[in-house]
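Engineer: Got a sequence here, can you model it:
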Amino acid sequence: MKRLIALWSCTLNELGVRCHTCTTQDLNTVLRRSKHEGLSFLSITLPAFGKDFEKSLDQGQVARDCFQGFSWTAGLPRFLGGFLELVFDRSSGRLLDEPSIEAIYSIRQLSLMFGKINLNCSDTRIKAAFNEFVECEEVVRENDRYRSSVCYSDFLRISRLLYAGFFQKIDKTIYEGLHIPKHGPGATADKLMGNRKFLQSAWPVRLEDYFPFGEFCLPSMRFSYLLSDVNYLDPVNELPVRVINVPKTLKTPRIIAIEPTAMQYAQQSILREFSEELQKDFLLRSFIGLDDQVPNQELARLGSEDGSLATIDLSEASDRVSNQLVLKLLSDFPHLSGAVQSCRSRKADIPGHGVKRLAKFASMGSALTFPIEATVFLTVVFAGIEKSLNRSLTRKDLMSLRGKVRIFGDDIVVPKEHVYSVVRSLEAYGFKVNTRKSFWTGKFRESCGKEYYDGHDVSITRVRRLFPQTTKDVSEVISLVKFRNLAYQAGLWSTASHCDEWIEPFLGFYPRVAETSPVLGRVSFLGYETQRLHTTLHSPLVWGYVVRSVIPKNPLGDYAALLKYFLSEDSVSEDEKHLERSGRPLSVGIKIGWSSPF
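Structural biologist: Numbers count the residues shown, from 1 in each chain. Presented below is the predicted three-dimensional model:
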């Protein structure tokens, strides 16, 4: 706590100097309240202050129901009052005609700095998160029961307008059996890791129609004798997805689902076809993003500058996508729909609740969650735009909306003139708009990790982990060095210097390096340092700590090695030891030595 408060104090002083405001009382408030409230003040209370500030920017004034838990003077809270007065009028609480961009950035940096620190929640909060997961399932079922036939018909008509040609191509590929599976890098419900995934012997019967074991898990039919050893699972005996919690914020964990190996393997083949066809589709690739957040961020910047675009964020986005909507979405494409449904897990093992049948399509963890939810959200968004236009959408309308509508996960960008209709449409189809993270009234916009005000980037630098105690706290060491370098690049030079004063004696060796260097060092606009030359390559070297990850031993041979060779991408084939070691590292360490400074 002392180190975190010292870091916050340094940032406060630096930003106070930049904004020419006194910060003494702000520091006293943090010292007093953190003493009594602990880490929750930094990671829960202050971020709530920051979210209220963002909403006040959007509304153009400070409402009296904002900034709860902080004392007020006239129309503004006292805490960070010197900064707030550069943005809002003290007496009325109204947004100034020309608010200070520097002050807006400062308030966000100071309030949200520890909002996403990687710490486990209390058992009570984790239990509440699992309860909410189950309650969300009931909401999805209720929405399915009461969704009108008009909603379904509108949804189907608009999805046909958007995806007819796109889905038809994927449907044809699956019909011809040309879809190629692959194993993902993550954990699986049956706990197979790395190369072990190629030795799977349990196979759900539901997969056989579209993903026959003989074709997808054997390198050729010369090995058909192995089919007698396969354990074919009927739907009753299928392994459910394993629902777990992972750290997100101290306030609430993130709930994800770990898929069985066979399901993940099949899902990846459809994801591959989806991604490849999306890049070929001139229209859809402008509306949907799967791996590039920059277009969403640029649209958010444009929306903050001219007010033409709104940014919408959804709560529990993937958990509210009903499988009934997905069935309707793909109803014209029997092979694609059949393949998607066959590799969709129907049950989930939820801590404290047992095994439950799922009404949602899939939680985070399925390879198909991201692309399927994007197509559903885009359809619902255009249903809202159609209602706003008060006429049926045409292909010409879709072309005119290129560069104005975009979906990346649960981050949605739409034209401002249609935003109210789009929000009503999203809610009508069972989705929950997060009003605290959706913006369209003022000049503040947020999308895909970037925030803008009036065209200016006011994105912040976050502390992700606690300070390390020893060099064995590798994740904390890496996180602190990364924070320091991001702070330096963001212009928080005093904050970066404060980190340097702690990191340098802690590590012992802390050279200046380029941003791309494998060495844990300080990034500097003055360039990297060179301490010696490589004896044979004559390239520059520096002495410092380098991150070393140990890939677990996972020897693979015989037919499974041949199968991996046929399915492997170039990056795997180039690894000479990929048949000996594979999977995610079991541990990460740092080791001192000579390495490249760039």
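
Engineer: Any idea which helix or strand in this structure has the lowest mean pLDDT?
Structural biologist: Least confident helix or strand of the chain, by mean pLDDT, DSSP states H and E, is helix 570-573 with a mean of 54.

Engineer: same question for the helix ranked longest in the chain, mean pLDDT?
Structural biologist: Selection of the longest helix in the chain by residue count, based on DSSP state H, yields helix 149-175. The pLDDT scores in helix 149-175 average 95.

Engineer: After that helix, heading C-terminal, what element do we hit next?
Structural biologist: Next helix or strand after helix 149-175 toward the C-terminus (DSSP states H and E): strand 202-204.

Engineer: What residue spans form the domains of the protein?
Structural biologist: For the chain, automatic domain parsing gives the domain ranges 2-115, 123-453, 474-595.

Engineer: Distance check, the closest residue to Gly16 other than its chain neighbours against Ser106.
Structural biologist: Nearest non-adjacent residue to Gly16, counting by Cβ to Cβ, 6 or more residues apart in numbering: Thr23, 3.8 Å away. Any C-beta I mention is one placed from the backbone N, CA and C, and that applies to glycine too. With the distance defined as Cβ to Cβ, to the nearest Å, Thr23 ends up 10 Å from Ser106.

Engineer: got any residues that touch both of the two?
Structural biologist: Contact criterion Cβ atoms under 8 Å, 6 or more residues apart in numbering; residues shared by Thr23 and Ser106: 15-16.

Engineer: So which of those two has more stuff around it?
Structural biologist: With neighbours defined as other Cβ atoms under 10 Å, Thr23 and Ser106 compare such that Ser106 has more, 27 against 22.

Engineer: Make sure that one is actually in contact with Cys19.
Structural biologist: Yes: assessed by Cβ atoms under 8 Å, Ser106 is found in contact with Cys19 at 5.6 Å.

Engineer: Which residues does stretch 51-70 contact?
Structural biologist: So stretch 51-70 is in contact with 45, 48-49, 75-79, 84, 87-88, 92-95, 104, 107-108, 111, 435-437, 439-444, 446, 451, 453, going by Cβ under 8 Å, 6+ apart.

Engineer: for the residue nearest to Gly16, what are its contacts?
Structural biologist: 12-13, 15-16, 82.

Engineer: what is in contact with Ser106 and Cys19 at once?
Structural biologist: Common neighbours of Ser106 and Cys19, using Cβ under 8 Å, 6+ apart, are Phe83.

Engineer: start to end distance for stretch 394-413?
Structural biologist: 20 Å (Cα to Cα, to the nearest Å).

Engineer: ok, and what's touching it?
Structural biologist: With contact meaning Cβ under 8 Å, 6+ apart, stretch 394-413 is reached by 161-162, 283, 286-290, 293, 295-296, 299-300, 303, 308-314, 317-318, 370, 373-374, 377-378, 381-382, 385, 389, 414-415, 422, 447-448.

Engineer: Look up how far Val458 lies from Ala310.
Structural biologist: 18 Å.

Engineer: Could you do Leu466 as well?
Structural biologist: In this view, Leu466 and Val458 are 26 Å apart by Cβ to Cβ.

Engineer: More neighbours: which of those two?
Structural biologist: More neighbours surround Val458 than the other of Leu466 and Val458, with 22 against 19 (other Cβ under 10 Å).

Engineer: pretty sure that one contacts Ile101?
Structural biologist: Yes: taking contacts as Cβ under 8 Å, Val458 lies within contact range of Ile101: 6.9 Å.

Engineer: could you give the mean pLDDT of stretch 118-129?
Structural biologist: 90.

Engineer: do you know how far Ser517 is from Ser595?
Structural biologist: Ser517 is 7 Å from Ser595, by Cβ to Cβ.

Engineer: Residues that sit against both of these two, list them.
Structural biologist: Common neighbours of Ser517 and Ser595 (Cβ under 8 Å, 6+ apart) are Val542.

Engineer: Can you point out the buried residues in whichever strand or helix holds Val546?
Structural biologist: In this assignment (DSSP H and E), Val546 forms part of strand 540-550. Residues 541-542, 544-547 are the ones in strand 540-550 that count as buried (16 or more other Cβ atoms under 10 Å).

Engineer: re the thing from before, which ones among the contacts of stretch 394-413 are found in helices?
Structural biologist: 161-162, 286-287, 295-296, 299-300, 303, 370, 373-374, 377-378, 381-382, 385, 389, 422.

Engineer: Give me the buried entries from those residues.
Structural biologist: By 16+ other Cβ under 10 Å, those give 161-162, 286-287, 295-296, 299-300, 303, 370, 373-374, 377-378, 381-382, 385, 422 as buried.
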